[in-house]
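Colleague: quick check, what structure comes out for this input:
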Amino acid sequence: MLRNVVVHLLNEQPIMADLVAAPKQVDVSVISCNLRTMAGQQPVFVDRSDSTFVIPLTHIRFMEISTASLEAHATDDKTDVEVEGSAIRLARPAWGAGGDGEAGSGAGTAAEGPPESESDEIDPDLLRRVRDA
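Modeller: Numbers count the residues shown, from 1 in each chain. Modelled structure (predicted):
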């Protein structure tokens with residue numbers, strides 16, 4: 001179980017939930033329990049807090065899953081989180097804490113910071129399309 005996942009719903013304040021399983025690429029919904037607001041209270045749209053909730057992915061903007069939660073999930077299930085076909089990978093960017101700077105990833109080293117774009121100039125075709133729209 002992935003604990004304390006922050007789920008950002010469309011047109012709603014973020015909520016915190018415990019996911020039953022890590023979402024995969026083929027999933028159309030997320031199954032969760034222990035739904036609560038960021039302040040730890042029961043959301044107004046929840047009748048019974050001990051229920052299991054099925055949230056369609058079409059209603060979710062994005063989810064924040066902490067690295068600690070992923071590591072705990074990997075040790076609980078005795079499975080590797082970086083399984084092929086999983087939408088979640090336990091990987092840190094090379095510029096973050098504990099980054100390993102994989103070869104061919106295009107990321108910089110820990111001292112460099114995030115990778116910079118090759119050019120800081122804006123594409124003129126993009127500007128033209130934005131102005132014409």
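Colleague: quick one, strands of this structure?
Modeller: 2-9, 15-19, 29-37, 52-56, 60-64 (DSSP state E).
Colleague: so what does the top helix by length along the chain touch, helix or strand wise?
Modeller: The longest helix of the chain (DSSP state H) is helix 67-77. In terms of contacts (3 or more CB pairs under 8 Å, 6 or more residues apart in numbering; DSSP states H and E), helix 67-77 is packed against strand 2-9. (Glycine included, C-beta is placed from N, CA and C.)
Colleague: give me the angle between the strand it packs on and strand 60-64.
Modeller: 150 degrees (axes from the mean of the first three to the mean of the last three CA atoms, to 10 degrees).
Colleague: got the CA positions of strand 2-9 in PDB?
Modeller: The C-alpha atoms that make up strand 2-9 are tabulated as PDB, following Å, rounded to 0.1, in the frame of the first residue of the first chain:
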ATOM      1  CA  LEU A   2       1.300   3.400  -0.900                       C
ATOM      2  CA  ARG A   3       0.600   5.700   2.100                       C
ATOM      3  CA  ASN A   4       0.100   9.500   2.100                       C
ATOM      4  CA  VAL A   5      -0.200  10.000  -1.600                       C
ATOM      5  CA  VAL A   6      -1.300  13.500  -2.500                       C
ATOM      6  CA  VAL A   7      -4.000  13.300  -5.200                       C
ATOM      7  CA  HIS A   8      -4.700  16.500  -7.200                       C
ATOM      8  CA  LEU A   9      -8.300  16.200  -8.500                       C
END
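Colleague: which strands and helices sit next to it?
Modeller: Using 3+ CB pairs under 8 Å, 6+ apart: strand 2-9 touches strand 15-19, strand 29-37, strand 60-64, helix 67-77.
Colleague: alright, calling it a day.
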